[in-house]
Each structure stands twice: as structure tokens, then as C-alpha cells.
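> okay, here's the prediction I keep looking at, along with the sequence it came from:
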2 protein chains.
Amino acid sequence: MTDRRPLPRDMFEEVCPSRLVPFRFGDNKWSALVLRCLEDGPRRFSELRVPLHRVTPKVLTQSLRGLERAGLVSRTVRPGPAPRVEYALTPLGRGLLEPLAAACAWAAENWDEILDARERHP
Amino acid sequence: MTDRRPLPRDMFEEVCPSRLVPFRFGDNKWSALVLRCLEDGPRRFSELRVPLHRVTPKVLTQSLRGLERAGLVSRTVRPGPAPRVEYALTPLGRGLLEPLAAACAWAAENWDEILDARERHP
DNA sequence: CGGCATCCGAAGCGATACTG
DNA sequence: CAGTATCGCTTCGGATGCCG
């Protein structure tokens, strides 16, 4: 570890990808989970609320709007007597799912080690 | 997209990896960037502040403490007349860097598309 | 140099109630 | 059903000042 390249002057600039990723993942705390909920196909609004521990409609809406603005999720209103809205991954969103899954796989593999570390540090 | 497996009852349970990942990435908004700053080797406290846009010492400390508690970063005090503290990735932390890099690579590849989406949605 | 203590405004998010 | 509106608590994080 001797090739200590100098750090960039400004990693906060808009153009740095690592700025975007944590931001997208954490647009709000539910975003990543919402993406994974859409993994198997479109889901309705109230359908999403259940596995997300009864998240408040307001907060879920915020999350979905954020994902929509980012082009990761699409929103379609199906015609009918009762309102019926479905959310689905866009191709872009589906692409993000892969690195997200990689991160999750990492977490699963190192689960014990992570928990051990947290116990060791009081 | 016809195999709509039912969603799990509770994706919020402690044991779900996707809970941990957003949490780790977003422990605070700097965590991911700090990890990337340590990519090339150990760095001193004040050395980290520069590329992070002069982040406040308090906040940087919080971030580092969080990463330390998670076992991702180590903190070593080098003996000498003046205080000199170095932070470095642990093997565990280095492992996380890979999925993190994958996510960043995704962001870099789909940069234009993401920005386009944000512009289209007012 | 590498922090910690304090203050404070801003943002996050849950609960509740209401609406087309 | 799929949201919006309002409230209030909690957390985040920037600014400032002090310390060994």
C-alpha cells in the first residue's frame, strides 16, 4: 500500500458517482427496500405497505416519488371503477438492482463478522 | 413477469440483509465517501477532511466512529511528539468496497440517463 | 493535530385526520 | 384505494469555541 495517489481536491462535486449512489440508496430510508419489493413485478401502493412494516402513506409516497424522479420506477394508473395504481421497475431501476443485490450479498456473507464488531466496540 | 411470489411479511426484520446495507452506506452521508478515500491506504484525520469538502470535524468523527464500530475501519494512534492518528480499511471494509465500487460503476454508466430522468420530471 | 461540547436550524419520519 | 395535509418529535449536520 505504497502508491498513495493524492486524494482528489473535491469528491463532493456533482460529477462524482459515489455522491449519487449513497444519495439514491438513501433518498429516504425505504428506497432500497422498495426497489427490492418490485423485483418480481409491478406492485400496487397498498401492496407495498405491508412488507415495509406498515410504512406511513406519506413516507412511502415520498420514497416512490423520489424513485420516479430518478427514473428508477414507473407509475401507471390502471383504468377502472376504483383507483388502481401500479409501480414497476424501469429498465434503469432493474439495472440498479444488480449492484444492490451485490451489496446485500456482501452483507449476508459477512453478517456474523459485522455483528461481532458491533459487540466488541462498546 | 408472471411469477409474483408473495412478498415477505416483514422485510424490516433484523435478519434482512437489505436492511443492513442502506444502513451501512448511509450511517451518515459521508460514510461511503470516507471508505473510498481510504481505498489507497491509511489516511490521517485532517487528510480526510480536504476531499470531503471541509466536512466539520464533528461530523467526520461521527462517520469514522460509526465505521469503526461496524468493523470497517481501524483507528491507530502513531507515537510521536504531535498527535497523529491514522484510519485504514479493515479486510472487512475492503470487502465492502467491491460492491460499493459496483454501485458507483453503475452510476457512472447510467449517468446521462439518470440526469435526463430528473430533468423530465419537474 | 485530533478531537469534544454546545447551540441551533433544517430535514426525516411517524401518527393522525381528511379527501376524491 | 391512493393518496394529501398537518403536527410534532427526533435526528442530522453545520458553526463555533475550547482543549490536551
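Nice, thanks for sending it over. Fair warning: this is a prediction, and the values are worked out from it, not measured in the lab.
> from the centroid of chain A, which residue is nearest?
Among the residues of chain A, the one closest to the centroid is A:A32, at 2.1 Å (C-alpha atoms, centre = their mean).
> how about the one helix or strand that one maps to against DNA strand C, any contact?
Assigned by DSSP states H and E, A:A32 falls within helix A:31-37. No. Between helix A:31-37 and DNA strand C, judged by C-beta under 7 Å from any atom of the strand, nothing touches; the nearest distance is 8.7 Å. C-beta here means a position set from N, CA and C on the backbone, and glycine is covered the same way.
> pLDDT weak spots in chain A?
Counting by pLDDT under 70, the ranges of chain A that qualify are A:1-4, A:13-15, A:19, A:22-26, A:122.
> for it, which segments count as helices?
For chain A, the helices defined by DSSP state H cover A:17-25, A:31-37, A:45-49, A:57-69, A:91-109, A:111-120.
> what about the second one, near DNA strand D?
No. Residues of helix A:31-37 are not located near DNA strand D by C-beta under 7 Å from any atom of the strand, the shortest gap being 12.2 Å.
> with the fourth one instead?
Yes. Applying C-beta under 7 Å from any atom of the strand, one finds helix A:57-69 in contact with DNA strand D at A:57-58, A:61, A:64.
> ok, now which ones touch the spatially closest residue to A:R84 that is not a sequence neighbour?
Closest residue to A:R84 apart from its sequence neighbours, by C-beta to C-beta, 6 or more residues apart in numbering or on different chains: A:R78 at 4.4 Å. Applying C-beta atoms under 8 Å, 6 or more residues apart in numbering or on different chains, we find A:R78 in contact with A:84-86.
> hang on, A:L60 packs against A:P51?
No. Using C-beta atoms under 8 Å, A:L60 is not in contact with A:P51, being 11.3 Å away.
> if we can go back for a sec, and the helix holding A:A32, what does it pack onto?
When contacts are defined as 3 or more C-beta pairs under 8 Å, 6 or more residues apart in numbering or on different chains; DSSP states H and E, helix A:31-37 packs onto helix A:17-25, helix A:57-69, helix A:91-109, helix B:17-25.
> mind redoing it with 10 Å?
In terms of contacts (3 or more C-beta pairs under 10 Å, 6 or more residues apart in numbering or on different chains; DSSP states H and E), helix A:31-37 is packed against helix A:17-25, helix A:45-49, helix A:57-69, strand A:73-77, strand A:85-89, helix A:91-109, helix B:17-25.
> I'd like those as CSV, with mean neighbour count and distance to B:L97 appended.
Below are the helices and strands packed on helix A:31-37 laid out as CSV (neighbours: other C-beta atoms under 10 Å in any protein chain shown; distance: least, C-beta to C-beta, whole Å):
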stretch, mean neighbour count, distance to B:L97
helix A:17-25, 20, 11
helix A:45-49, 16, 32
helix A:57-69, 17, 25
strand A:73-77, 15, 28
strand A:85-89, 18, 26
helix A:91-109, 18, 10
helix B:17-25, 20, 12
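> from B:A88, how far off is the residue nearest to A:A103 when sequence neighbours are not counted?
Leaving aside its sequence neighbours, A:A103 sits nearest to B:P99 (C-beta to C-beta, 6+ apart; 4.0 Å). Distance, B:P99 to B:A88, by C-beta to C-beta, to the nearest Å: 19 Å.
> ditto for A:P91
39 Å.
> list the contacts for A:F45?
A:57, A:60-61, A:64, A:75, A:83-87 (C-beta atoms under 10 Å, 6 or more residues apart in numbering or on different chains).
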